[in-house]
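# my questions are about this predicted structure, shown below with the sequence.
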Amino acid sequence: MARTDFGPPDFRELIPPIIKENYGNWKYHTVPRPGVLKHVSHTGAVLHSVRVASPRLVSSEFIREISDIAEKFCGGFLRFTTRNNVEFLVSDESQLQPLIDHLDAKDYLIGGVGLSVSNVVHTQGWIHCKSAVTDASGITKSIMDEMADYFTGKIQVPAKLRIAVACCVNMCGACHCSDISIVGIHRSVPVVNDELASKICEIPNTVASCPTGAIRPNPKTKSVTINPDKCMMCGNCTVVCPAIKIMDPVNDGVSIWVGGKVANARTGPMFSRLAIPFISNNPPRWPEVTDAVKHLVEVWAGNARDGERMGEWIGRIGWEKFFKLTDLPFTDKHIDDFAHAKNTFRSTTQFKF
Amino acid sequence: MARTDFGPPDFRELIPPIIKENYGNWKYHTVPRPGVLKHVSHTGAVLHSVRVASPRLVSSEFIREISDIAEKFCGGFLRFTTRNNVEFLVSDESQLQPLIDHLDAKDYLIGGVGLSVSNVVHTQGWIHCKSAVTDASGITKSIMDEMADYFTGKIQVPAKLRIAVACCVNMCGACHCSDISIVGIHRSVPVVNDELASKICEIPNTVASCPTGAIRPNPKTKSVTINPDKCMMCGNCTVVCPAIKIMDPVNDGVSIWVGGKVANARTGPMFSRLAIPFISNNPPRWPEVTDAVKHLVEVWAGNARDGERMGEWIGRIGWEKFFKLTDLPFTDKHIDDFAHAKNTFRSTTQFKF
Amino acid sequence: MDEKKTPLLEGLEAGAWPSFVTEIKKAAKTNPGAAALLQMLEKSYEEKRGHWKHGGIVGVKGYGGGVVGRYCDIPEEFPDVKEFHTIRVNQPAGFFYTADKLREFADVWDKYGSGLYNMHGSTGDAILLGTTTENLQPCVDELSEIGFDLGGSGGAMRTLSSCVGQARCEKACIDSTGIMHDLTMYYQNEMHRPSWPYKFKIKISACANDCCAASARSDLAVIGTWRDTLKIDNAAVREYIANGFNIEKLIRKCPTEALEWDQEKQELNVCGEECTRCMHCINVMPKAISIGSERGATLLVGGKAPVVKGAMIGWVLVPFIKMEAPYTEFKDLVDKIIDWWADHAKNRERISELIERMGLANFLAAVGLKPLPQMVNAPRSNPYISWSAEEVGKNG
Amino acid sequence: MDEKKTPLLEGLEAGAWPSFVTEIKKAAKTNPGAAALLQMLEKSYEEKRGHWKHGGIVGVKGYGGGVVGRYCDIPEEFPDVKEFHTIRVNQPAGFFYTADKLREFADVWDKYGSGLYNMHGSTGDAILLGTTTENLQPCVDELSEIGFDLGGSGGAMRTLSSCVGQARCEKACIDSTGIMHDLTMYYQNEMHRPSWPYKFKIKISACANDCCAASARSDLAVIGTWRDTLKIDNAAVREYIANGFNIEKLIRKCPTEALEWDQEKQELNVCGEECTRCMHCINVMPKAISIGSERGATLLVGGKAPVVKGAMIGWVLVPFIKMEAPYTEFKDLVDKIIDWWADHAKNRERISELIERMGLANFLAAVGLKPLPQMVNAPRSNPYISWSAEEVGKNG
Ligand code: SRM
Ligand code: SRM
Ligand code: SRM
Ligand code: SRM
Ligand code: SF4
Ligand code: SF4
Ligand code: SF4
Ligand code: SF4
Ligand code: SF4
Ligand code: SF4
Ligand code: SF4
Ligand code: SF4
């Protein structure tokens, strides 16, 4: 039997000597040019990291190519970031410009550092997930084509802006706390295949799976019934019972959320909140989605103060002004009606007209 | 049959001429001395209001005495405030000082205006309510004896401070939004008189009355059973079913809450929050309660900035610092465990040690 | 009367604050009910428990409420408070009285009751504290002769209340006392004949300082405001500053950064669009800053005490409504709210609890109001959006 | 391979951003699975729906998870993606690789799988995207030969993740990558043999900037911090200012007003007691301001995505804990948390949902932590306090 439980490669064997030597001893960093970080240690040692965009879904060819680049300019050392960019770790400062030139020549996008729009944290989509309501990779690519200048630093923004895409409400990623997020949602009540359900459905688990209590056992059919008035199309029941289907190309699509953040810098973490309840799937380029994202970024960039993340900006001006400035309609969908809804109701006369 | 539905006396027939003439036309006011308001109208008319403390529970003798005073100095015009103080409405400025002298002579406390501790909004207590866990009037008197100098303006405070007392969690008043509030609470699980219950208890209503689902029908006894682990001693079931009793002199007492406000000035309204979970009833003067209130007022007055209400002060310094400065223990009782508890959990690393 | 000792209560006669014990004693001099109350209260102080029984419905002719029945649980020991009901007398708006009116009032009460009052109850009523079942009817009859009617109790429109408003306040954006009187007259039937699932309270404050604590304690709070821009008298501002007023501090405390001080021109300016009409600057500089001209009210729905689902502070239902007699738009809206509530609420379910259970958006649709961002602090953060079959296409 | 047209997807090859379609095409040149994926994806783009089936458990010897089974729902049409399972390969801490390591990795995957990857999955794994049931075991065997082990899936400890930390960041208060590696080794069994009610995730960020989004996406977030006072190098501050840095703006943005600029002495001072270590001043002035000396971590519990009870951001469980190898205190606490959770949770109930259901105070008692004000934004506002029989006297 093959060995098990030996764990991942020890990162200590994969870091360049300069990191080994200066581990825990970095003093400060600067951003000498967009996409490049210069870290200086207390000993004076200098490490440059050059960040390039990745589609995240990559081929062996890509893996080999970045390996070759790392070998040529970085002694073979590279890493990925928590947002799936690639970072080339340059210990030898003389290799920095040649590396950049090489990357430019190969059309790599250098950027994503500091005040910029970095890579999109996204999920499997139609490429691999059974629950996908949309294709996360397609939307990501479409958005970032529009955002490329924001990534490379050609266009400046008041603060970091993080975009995330999730293909269903499971939100594999950090959609619930992103400056802008796109989330696949259903708009139809799931359909129960009674015959199949009577055979394979664990009725009590299925009933329990519904957050709103919309599901009742149906003793007649030995299946379950869904109360359409209570159902909020979350799809959770379909995870528990394979006889329940919610996919619906006509009514599936995406919603757009804004103002979340994770960092504790200045303000604590914030949830993303509903901006646009629904946009139909329109592959391959989801133009309505990319337009909406671009618009949101532009209104924010044009109005926020220096250093104000999307959510901090909205926090200062108020949501009523956000809807005015973005010219987005405010609808019944924006009003929370889930478990803690009342905490979102405005209990003060302080608002703007 | 006597006439019905004719409504209260029309206030327009009870206001002094100066108010009739300047109704809706007041320009500004000043506070020429503690307890006195001077309102100036656009026409230049001047109305002085002299505010005096009232125990709220008053006798006919009191009613007649203030009527006499009003007659003597105010043409018979007076009013009560929304916090149960009495206001003498002086249209003739020459009567102001004589009125004040008269009130002083009669030991009326003049005050409660502006930055001060005004009257306590309180409730019936043992004097009249069947649900009373404590005596609101007794606590109010005991506290205000300590606070008299804060009422008259002898001692200055950074902002208005509103105290409320309620004799049970029904909180007849505005305890849930007061700077300091004292609320009677039970600490024992109600006792069900099964025999009586089987006769008079509307079982389904009683079961439904429990906010935590602690009550179950007991088919054997034709009564109900209370699950002590789920019960949070709210007493709601006792309102619905007279066979359930929760009064318990040994374990009943009061809790103290801080930081609420109602006005939208600067910050929106705020709920009062738990400071001291329990103090035993200790009539006639509840010394532990009055000490606690005095202590809270002193720590606030000593630390808050000008214009900062209790809740605004705590909002700025943080609850962790509040508990440190007041030297009050933070316990499991302070942690919310009711329906929306999770909204009170701190979702940021921003806190003080 | 047989004067028994009340040593515990006597302890509450000392001190600077006026004493309710002294008041009860005053009444007790001539009134056996008040005397018995004193004795029974002493006993409560000894035992640390109340002595009033649950239950007991009493009433007067033509009214379904306005009286709270109260019976002592040891009538043998205290026969004079065996029955000790309160009468909720609807107060005049703004709590205005004349000496004559008050004396008439006291005369009736001395005749039929304990000679004790709560001036006023937390809802606003002038509470007559303690009388017998027998005396209720004649007392109420005689009160009606001097022009005092009953307030509300039970599942009814409750006695309304308001701040002093335009009668004596420069900040009043609406005629709170006038509105209160008009609505009180309009809701007489709803107030006096309980027929709703639970209580319903309306309170009116003429500005956002909310001096009658409407947003915390009324199912429907009417709070005066304006829609244009507050007014600044810069001559007066300069006068304040000359007298030592710290203008920087004021500006810092404006929650919306709407105020700006032009050092050069010595001018305070406000950006009306930013201002959320919090009242702060007006409060601290009443001579120089005043409310706007296009006046009306914000309506908040759902304020209440904790029982059962937790306390609530009313939330914005209508950002701006003109409040001009005869208040037709307002009354129509209240009708719709009450209809929906009465149709759907369980027993003892307040409007806010019902809205919480059924969803704010559903409620808005039912009463014909458009969803507005002013109604919420923030839009939903959960992705659990419901769609009706009519809104979407047919699953292909 | 039979090259069918994929016009919709081709539309995604243009544009500045690197294209995943191009990547799939690269793999498709030699890999039939990748080629079929492209075709099937084109069909999804046409039909606006996915083509993966629910269900299907696959695995490899010695492991209960680490592989996500996936079957296409139209295998007749796309036999080459009939089975298209992913393998979750546990990434090295900090996502560090060498060119050699990556090439070895690609060699194995080219042999057994689609030649497609997610670098990396949202949890952190290096995801091998698509292979057959048959190829799973040999692929995993060969991965183990080059030192790559599986990550987590199912009701298990999930693959951990961390920010780059001390390896390359001056702000790191703890050794996030070292901790991640140590814990990963420690929880190998818990990660590889699912036996819990649902997933459990741990993520480690070495400071409050939280560069691995731990507080939003992990049941237990470890966030580096310090307990003393941050350090200010005033020579460096003056240098910043000389270069045009706006010190007033910095001070205004400090959420606690802990910073003060002494104009006279040209000195920036901090009040350590007020500072909530939000990182802001350190972020904007990294050369002049740096983290304190007494370092450790804050633990937050309960972060997660919306399903089922709504999303949560982790809340403070332990304000400060030293994080020094072998992390015994930390591991003991995790053990207690998991024990309580495994004992009480329903199927698919995350720790935060269980705490919400059972009460935070009960949870604290169970894991032996003292209630602290740091755990809450504010104490309760409802009066519904529970008391146990042991805490109170006997009803007299
Ligand atoms: C490389 C990376 C960590 C890693 O282990 O991979 C990283 C690295 C750094 N982060 Fe980060 N952050 C990284 C993801 C994050 C994330 C997580 C995420 O985006 O999913 C966050 C939380 C974002 C959020 O709040 O939604 C994050 C919030 C920050 C912040 C606080 C931002 C703010 O709100 O002000 C800072 C401070 C700053 O930028 O001044 C920060 C600062 C930094 C610094 C400057 C730290 C340092 O001194 O070295 C590093 C370079 C920053 C840069 O890119 O400008 N890093 N940083 C991640 C790069 C992701 C990428 O490719 O874009
Ligand atoms: C007389 C009265 C209204 C009435 O109809 O009876 C009243 C009258 C005034 N209030 Fe009030 N308020 C009155 C109860 C309230 C209440 C309700 C309560 O306390 O239960 C509040 C809400 C309290 C809260 O937030 O918890 C209230 C919050 C204010 C505020 C905002 C306070 C703040 O947080 O800054 C102001 C503005 C100010 O004081 O600068 C204000 C200002 C005023 C002014 C100055 C308005 C004016 O220009 O005439 C009046 C004299 C104030 C004073 O007492 O200093 N009034 N005021 C009430 C006197 C009660 C008493 O006897 O003490
Ligand atoms: C008399 C008064 C207290 C006082 O001393 O001033 C009072 C007294 C009672 N209240 Fe109240 N409430 C009084 C104002 C309030 C207020 C304040 C207000 O109206 O502004 C509240 C909080 C606001 C609200 O309505 O939420 C209030 C919230 C309650 C509640 C909890 C309601 C809730 O939904 O949370 C109850 C419980 C109930 O109705 O079963 C209650 C029930 C009661 C009962 C009827 C309980 C009972 O059956 O014994 C009390 C009658 C006592 C008695 O001996 O007369 N009372 N009650 C107030 C009415 C006087 C008046 O008419 O002016
Ligand atoms: C692959 C990945 C998305 C990606 O493209 O990166 C993923 C994919 C799936 N997630 Fe996830 N989740 C992935 C990270 C996450 C994250 C982010 C994280 O871990 O930091 C979250 C949010 C954080 C959290 O755990 O709450 C996440 C929240 C969920 C949920 C909702 C859990 C909840 O309590 O709210 C589900 C639903 C479930 O478990 O039934 C879920 C379920 C799934 C399933 C297993 C659903 C299914 O059975 O098809 C997906 C498998 C798809 C596939 O084809 O492989 N996935 N999932 C991520 C794992 C890769 C990796 O191992 O590195
Ligand atoms: S977000 Fe939903 S559809 Fe997308 S990968 Fe996660 S579980 Fe699958
Ligand atoms: S989709 Fe969600 S809300 Fe609708 S029935 Fe299924 S589990 Fe319930
Ligand atoms: S607070 Fe409770 S005990 Fe006091 S009067 Fe109101 S209902 Fe009665
Ligand atoms: S006291 Fe409250 S929690 Fe306890 S059983 Fe009665 S209604 Fe339920
Ligand atoms: S609420 Fe406003 S208008 Fe009414 S009395 Fe108070 S300050 Fe004046
Ligand atoms: S009313 Fe309040 S928000 Fe408006 S300008 Fe004055 S202080 Fe600012
Ligand atoms: S979380 Fe802090 S320590 Fe870790 S990489 Fe980000 S800034 Fe550096
Ligand atoms: S770390 Fe944040 S809270 Fe602390 S001094 Fe700096 S800016 Fe202020």
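Happy to help now that I have it. Residues are numbered from 1 along each chain as shown, chains lettered A, B, ... in the order given. Ligands and ions are numbered 1, 2, ... in the order given.
# OK, now which residue of chain C is nearest to chain B?
Proximity of chain C to chain B (C-beta to the nearest C-beta) peaks at C:Gly15, 3.3 Å away. Using the backbone N, CA and C atoms, a C-beta is placed for each residue, glycine as well.
# what sits closest to that residue if chain neighbours are left out?
In this structure, C:Gly15 finds its nearest non-sequential neighbour in B:Asp145, 3.3 Å apart by C-beta to C-beta, 6 or more residues apart in numbering or on different chains.
# ok, that neighbour - how many residues close by?
Using other C-beta atoms under 10 Å in any protein chain shown, B:Asp145 is surrounded by 16 other residues.
# ok, whichever strand or helix holds it near ligand 3 or not?
Assigned by DSSP states H and E, B:Asp145 belongs to helix B:136-152. No. Helix B:136-152 is not in contact with ligand 3 by C-beta under 6 Å from any ligand atom; minimum separation 7.2 Å.
# so, low pLDDT: which residues of chain A?
For chain A, the stretches with pLDDT under 70 are A:1-2.
# what parts of it come near ligand 6?
So chain A meets ligand 6 at A:190, A:209-210, A:212, A:214-215, A:226, A:231-237 (C-beta under 6 Å from any ligand atom).
# for the stretch 1-150 of chain A, give the residue positioned nearest to ligand 3.
As assessed by C-beta to the nearest ligand atom, ligand 3 sits closest to A:Val133 within the stretch 1-150 of chain A, at 41.9 Å.
# does C:Leu250 touch C:Asn283 like I think?
No. C:Leu250 is not in contact with C:Asn283 according to C-beta atoms under 8 Å; the separation is 10.0 Å.
# these two: who's more crowded?
Legend: neighbour count by other C-beta under 10 Å for C:Leu250 and C:Asn283, higher for C:Leu250 (20 against 17).
# the more buried one belongs to a helix?
Yes. The assignment for C:Leu250 (DSSP: H, G, I helix; E, B strand; the rest coil) places it in a helix.
# buried stuff in the helix or strand hosting C:Lys101?
Per DSSP H and E: C:Lys101 is located in helix C:99-112. For helix C:99-112, a neighbour-count test (16 or more other C-beta atoms under 10 Å in any protein chain shown) marks C:99, C:101-106, C:108-110, C:112 as buried.
# do the same with stretch A:52-66
A:52-64, A:66.
# in helices only, show me those residues.
Those of these mapping onto helices are A:60-64, A:66, per DSSP state H.
# farthest-separated two in those?
A:Ser60 and A:Ile66 (11.1 Å; C-beta to C-beta).
# who's in contact with residue 62?
I'll assume chain A. Contacts for A:Phe62 (C-beta atoms under 8 Å, 6 or more residues apart in numbering or on different chains) come out as A:54, D:23, D:26.
# please refer instead to chain C.
C:Gly62 neighbours (C-beta under 8 Å, 6+ apart): B:1-2, B:4-5, C:192.
# before we move on, back to that, in three-state terms, label the residue of the stretch 1-150 of chain A closest to ligand 3 for me.
Quick answer, by three-state DSSP: A:Val133 is coil.
# against ligand 4, how distant is it?
Distance from A:Val133 to ligand 4, counting by C-beta to the nearest ligand atom, to the nearest Å: 12 Å.
# tell me, how many residues neighbour that residue?
31.
# who does the closest residue to it other than its chain neighbours bridge with?
Among residues not flanking A:Val133 along the chain, A:Gly184 sits closest, at 3.1 Å (C-beta to C-beta, 6+ apart). Beta-bridge partners for A:Gly184, by DSSP bridges, are A:Val254.
# for A:Gly184, give its distance to ligand 1.
19 Å.
# could you do C:Trp226 as well?
Counting by C-beta to the nearest ligand atom, the gap from C:Trp226 to ligand 1 is 37 Å.
# and what of C:Ser162?
46 Å.
# please apply the same query to C:Ala258.
26 Å.
# do C:Glu257 as well
21 Å.
# give the contact list for residue 10.
The chain I'm using is chain A. Contacts of A:Asp10 by C-beta under 8 Å, 6+ apart are D:92, D:181.
# to clarify, I was referring to chain C.
C:Val21 are the contacts of C:Glu10 under C-beta under 8 Å, 6+ apart.
# returning to that earlier point: which one of the residues of chain A next to ligand 6 has the most neighbours?
A:Cys234 (29 neighbours).
# could you say which helix or strand contains C:Arg238?
helix C:234-242.
# in that helix, what's buried?
Those would be C:236-238, C:240-241, for helix C:234-242 by 16+ other C-beta under 10 Å.
# stretch C:308-323 now?
Buried residues in stretch C:308-323 (16+ other C-beta under 10 Å): C:308-321, C:323.
# what about the closest residue to ligand 1 within the stretch 101-250 of chain C, neighbour count?
When distances are taken as C-beta to the nearest ligand atom, the stretch 101-250 of chain C reaches nearest to ligand 1 at C:Glu248, 28.3 Å away. C:Glu248: 8 surrounding residues under other C-beta under 10 Å.
# quick one, domains of the chain?
Using chain A. As given by automatic domain parsing, the domain ranges for chain A are A:12-105, A:121-186+A:250-344, A:191-245.
# sorry, should have said chain C
Taken from automatic domain parsing, chain C resolves into C:7-145, C:161-227+C:294-375, C:231-290.
# now render those domains as CSV, adding distance to B:Gly112.
Formatted as CSV, the domains of chain C follow (distance: least, C-beta to C-beta, whole Å):
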stretch, distance to B:Gly112
domain C:7-145, 11
domain C:161-227+C:294-375, 13
domain C:231-290, 17
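# which among those is found nearest to A:Val31?
domain C:231-290 (30.4 Å).
# check whether that closest one comes near ligand 10.
Yes. Interface with ligand 10: domain C:231-290 contributes C:254-256, C:258-259, C:270, C:275-282 (C-beta under 6 Å from any ligand atom).
# report the distance from that domain to the chain centre.
31 Å (C-alpha atoms, centre = their mean, to the nearest Å).
# ok, back up a step: tell me which of the residues of chain A next to ligand 6 fall in helices.
A:209, A:236-237.
# those also near ligand 12: which ones?
Of these, not one also sits near ligand 12 (C-beta under 6 Å from any ligand atom).
# show the residue spans covered by the helices in the chain.
Defaulting to chain A. Under DSSP H, chain A gives helices at A:17-22, A:60-74, A:96-105, A:136-152, A:194-200, A:203-209, A:236-240, A:287-303, A:310-317, A:319-326.
# chain C, not that one
C:7-10, C:20-28, C:32-47, C:99-112, C:133-145, C:176-186, C:188-192, C:214-217, C:234-242, C:247-253, C:280-284, C:328-344, C:351-358, C:360-367.
# export those helices to CSV and append columns for mean pLDDT and distance to ligand 8.
Shown next, in CSV, are the helices of chain C (pLDDT from 0 to 100; distance: least, C-beta to the nearest ligand atom, whole Å):
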stretch, mean pLDDT, distance to ligand 8
helix C:7-10, 97, 29
helix C:20-28, 98, 30
helix C:32-47, 98, 22
helix C:99-112, 98, 37
helix C:133-145, 97, 30
helix C:176-186, 98, 34
helix C:188-192, 98, 29
helix C:214-217, 98, 22
helix C:234-242, 97, 53
helix C:247-253, 95, 42
helix C:280-284, 98, 40
helix C:328-344, 98, 23
helix C:351-358, 97, 15
helix C:360-367, 97, 26
